[in-house]
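>>> Predicted structure and sequence below. I'll ask about it afterward.
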Amino acid sequence: MDNSNNIVFGIDVTRNDITAIEVRDALIPCFAAAHHMSQLEQEKPENLSPRAFDGMSIEDAEKTVRKTFFDIGADYDHPTKKNLEDVIMKLAEYSKNFRSEKIIKESKREMWRLIDRLS
């Protein structure tokens with residue numbers, strides 16, 4: 001049985017015990033994936049391997065997610081469902097500067113699948 005449609009950024013959406021921390025952590029690769037192409041279009045330093053440059057995008061995504069929590073007055077280390085909803089909407093708004101509406105919608109849809117599993 002192929003359950004790949006049930007896996008969102010490493011989390012099985014059929015689980016009943018998904019935590020807000022897991023959803024927060026899934027935001028980072030989600031955001032990085034949505035912005036990966038725009039980062040690749042920028043000039044890459046010649047001394048970085050492709051793997052190192054990919055890591056930079058995850059690092060940048062984590063900084064942006066952390067800053068977004070801070071901007072809305074939420075605790076990154078103790079997120080609530082409401083915090084996550086607000087952060088996703090703020091990140092989607094920010095992403096309009098870089099990505100197409102289609103990519104933003106798809107990313108939001110995937111993250112909402114996780115948020116909907118939280119109590």
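Received it, and whenever you're ready, just let me know what you need. Residues are numbered from 1 along each chain as shown.
>>> In contact with residue 27, which residues?
Residue 27 sits next to 65, 84, 87-88, 91, 111 when contact means CB atoms under 8 Å, 6 or more residues apart in numbering. C-beta here means a position set from N, CA and C on the backbone, and glycine is covered the same way.
>>> Next, count neighbours for residue 87.
Using other CB atoms under 10 Å, residue 87 is surrounded by 24 other residues.
>>> secondary structure element for it?
Assigned by DSSP states H and E, residue 87 falls within helix 81-95.
>>> residues making contact with that helix?
Under CB under 8 Å, 6+ apart, the answer for helix 81-95 is 20, 23-24, 27, 31, 34-35, 64-65, 68-69, 71-72, 74-75, 79, 103-104, 107-108, 111-112, 115, 118-119.
>>> just how off-centre is that helix within its chain?
Distance, stretch centre to chain centre, for helix 81-95: 10 Å (CA atoms, centre = their mean, to the nearest Å).
>>> Which SSE is immediately downstream of that helix?
Counting by DSSP H and E, the element after helix 81-95 in chain order, helix or strand, is helix 101-115.
>>> quick one: buried residues of that next one?
By neighbour count on 16 or more other CB atoms under 10 Å, the buried set for helix 101-115 is 104, 107-108, 110-111, 113-115.
>>> Just the closest of the residues you listed to residue 57, please.
residue 107 (14.4 Å; CB to CB).
>>> The closest one and residue 34 touch, don't they?
Yes - between residue 107 and residue 34 a contact is recorded at 4.8 Å, counting by CB atoms under 8 Å.
>>> Just the element for the residue nearest to the spatial centre of the chain, please.
In the chain, the centroid-proximal residue (CA atoms, centre = their mean) is residue 27; its distance is 2.5 Å. Following DSSP H and E, one finds residue 27 within helix 20-41.
>>> pLDDT of that helix, averaged?
Taken as a whole, helix 20-41 carries a mean pLDDT of 79.
>>> So residue 21 sits against residue 76, correct?
No - judged on CB under 8 Å, residue 21 makes no contact with residue 76 at a distance of 9.8 Å.
>>> what about the residue nearest to residue 118 when sequence neighbours are not counted, how many residues close to it?
Spatial nearest neighbour of residue 118, excluding adjacent residues (CB to CB, 6 or more residues apart in numbering): residue 81 at 4.5 Å. Residue 81 is flanked by 14 other residues according to other CB under 10 Å.
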